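S.K.: kindly return the folded structure for what I paste below:
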Amino acid sequence: MRVRFYIDGFNFYYSCFKHGRYGAYRWLDLSRFCRRLLPHDSIDLVQYFTARVKPVPWDPDQHKRQREFLKALGTLPDVDIHYGSFYQKPRMMPLADELVCPLCSARLGMVRRVNVLRTEEKGSDVNLAVHLVRDGFKDRYETAVVVSNDSDLLEAVRIVRGELGKKVGVVQLKKTSVFADDSDFRLTLRESYFRQCVFPDTVPLPGGGVATKPTQW
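M.R.: A predicted model of the protein is given here:
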């Protein structure tokens, strides 16, 4: 089968690394990883959708770590990176534990608000959906594999399957997949898939220099 992978970078990161159990394998060669998931199919392209993060007070070096990872990914000829936008701005928001009385569950009349720094990624899910449908329409794959658990992608998946007649598989990032009723197959993750597919600690860059694995994540 001619296969293309479509990876929602932030969804994948938070599901598997930040809040998942594969945090030790963030320095991941996505090309090898996808081929490990489907070793008997012809994978011509891995499309990775993300946004360039910015430093935040509680993690001032996160953009540096991501930069090294993106440099390493950029050495892979069969991986295309598509960028959305990353926003951070202060916003007044209510304190969650003051919305409801803990004793009687009654809604409180006066709620304190605090100024928080909100970070938000925009555009990756839309970009993924557009490329998924366009590539299907242009017959660039027989099977698409979506690496995400974002319900915003459901309609695109339904169009690809129902109107274009393509197969769509999903990588199961959580116990319950939003694509359970809207996919042809699901791929289950195993720790060995990650362990066998990490980059070397330093990755030579085509123009000289190296991308270096961060010492701390």
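S.K.: helix or strand right after the longest helix along the chain?
M.R.: For the chain, the longest helix by residue count, based on DSSP state H, is helix 124-137. Sequence order places strand 143-147 as the next helix or strand after helix 124-137, per DSSP states H and E.
S.K.: domain parsing for the chain?
M.R.: Domain assignment for the chain by automatic domain parsing gives 2-84+123-212, 87-121.
S.K.: tell me the most buried of those domains?
M.R.: domain 2-84+123-212 (a mean of 17; mean count of other Cβ atoms under 10 Å). Quick note: C-beta positions are derived from backbone N, CA and C, even for glycine.
S.K.: any idea how far apart the tips of that one sit?
M.R.: Domain 2-84+123-212 has an end-to-end distance of 33 Å (Cα to Cα, to the nearest Å).
S.K.: and the average pLDDT for it is what?
M.R.: Averaged across domain 2-84+123-212, pLDDT comes to 96.
S.K.: how far does it sit from its chain's centre?
M.R.: Put simply, domain 2-84+123-212 sits 6 Å off its chain's centre (Cα atoms, centre = their mean, to the nearest Å).
S.K.: quick thing: my sequence starts at 40, can you match it?
M.R.: Yep, numbering from 40; the last one is domain 41-123+162-251 now.
S.K.: who's in contact with residue 111?
M.R.: 66, 68, 238, 242, 250 (Cβ atoms under 8 Å, 6 or more residues apart in numbering).
S.K.: tell me who's in contact with the last one.
M.R.: The contact partners of residue 250, by Cβ under 8 Å, 6+ apart, come to 107, 108, 110, 111, 114, 238, 241, 242, 244.
S.K.: at 6 Å what do you get?
M.R.: Contact analysis of residue 250 by Cβ atoms under 6 Å, 6 or more residues apart in numbering lists 107, 110, 111, 242.
S.K.: so what's it bridging to?
M.R.: Applying DSSP bridges to residue 250 gives these bridge partners: residue 242.
S.K.: any idea how far it is from residue 109?
M.R.: Separation of residue 250 from residue 109 (Cβ to Cβ, to the nearest Å): 8 Å.
S.K.: can you list contacts of the host helix or strand of residue 86?
M.R.: Per DSSP H and E: residue 86 is located in strand 81-89. Residues from elsewhere that reach strand 81-89 (Cβ under 6 Å, 6+ apart): 41-48, 69-70, 73-74, 117-121, 163, 166-167, 170.
S.K.: and the spatially closest residue to residue 157 that is not a sequence neighbour, which helix or strand is it part of?
M.R.: Among residues not flanking residue 157 along the chain, residue 130 sits closest, at 4.8 Å (Cβ to Cβ, 6 or more residues apart in numbering). Element membership for residue 130 (DSSP H and E) is strand 124-133.
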